[in-house]
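Asker: Model the following, please.
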Amino acid sequence: MIASEVKVAEGLPEACFAVIPGRDVLIVIGRGECGYRQIDLALARLLRHREAAEETRDRLNEDAGITRAQAEAMLAGSICGWNVKAADPANYDEDGFLKR
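Answerer: Modelled structure (predicted):
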């Protein structure tokens, strides 16, 4: 399905950075796209530790004006589908945790 045909929640950026859950891999997620793109291999070699990958993710997203809620919603959408509640940044608190 083409990203423009997928209905996504309001307030999501065109793209954001994330770290694959359970791995030390920094990725780029496109709004409405299933899956992700791994970042440049040269940069990936520098980010071999989860902390480095997470710090880089946070810095790049922050520089682009992307909140933790938006990034978490984008990750959920790319993995679980864009129609799930977790793909909506309104369902997260400011620290990027799902609201109860």
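Asker: Break down this structure into its helices, ranges please.
Answerer: The residue ranges that make up the helices of the chain, judged by DSSP state H, are 41-46, 50-63, 68-80.
Asker: Glu10 is nearest to which of those helices?
Answerer: If you check each of the helices of the chain against Glu10 by C-beta to C-beta, helix 68-80 wins as the nearest, at 10.6 Å. (Glycine included, C-beta is placed from N, CA and C.)
Asker: Averaged pLDDT, the closest one. What do you get?
Answerer: For helix 68-80, the per-residue pLDDT values average out at 96.
Asker: before we move on, what about stretch 84-99?
Answerer: In this model, stretch 84-99 carries a mean pLDDT of 95.
Asker: Now it: buried residues?
Answerer: By neighbour count with 16 or more other C-beta atoms under 10 Å, stretch 84-99 contains the buried residues Ala86, Ala87, Asp88, Pro89, Asn91, Tyr92, Gly96.
Asker: now stretch 24-35
Answerer: Result for stretch 24-35 [16+ other C-beta under 10 Å]: buried residues Val25, Leu26, Ile27, Val28, Ile29, Gly30, Arg31, Gly32, Glu33.
Asker: Let's see which of these end up in strands.
Answerer: Judged by DSSP state E, strands contain the following of these: Leu26, Ile27, Val28, Ile29, Gly30.
Asker: mind checking how far the third one is from Tyr36?
Answerer: Read that as Val28. 6 Å (C-beta to C-beta, to the nearest Å).
Asker: same deal with the second one?
Answerer: The spacing between Ile27 and Tyr36, counted by C-beta to C-beta, is 4 Å.
Asker: how about the closest residue to Glu72 other than its chain neighbours, what does it touch?
Answerer: For Glu72, ignoring the flanking residues on the chain, the nearest one in space by C-beta to C-beta, 6 or more residues apart in numbering is Gly96 at 4.4 Å. Taking C-beta atoms under 8 Å, 6 or more residues apart in numbering as the contact definition, Gly96 lies against Thr67, Arg68, Ala69, Ala71, Glu72.
Asker: Sweet, I'm off.
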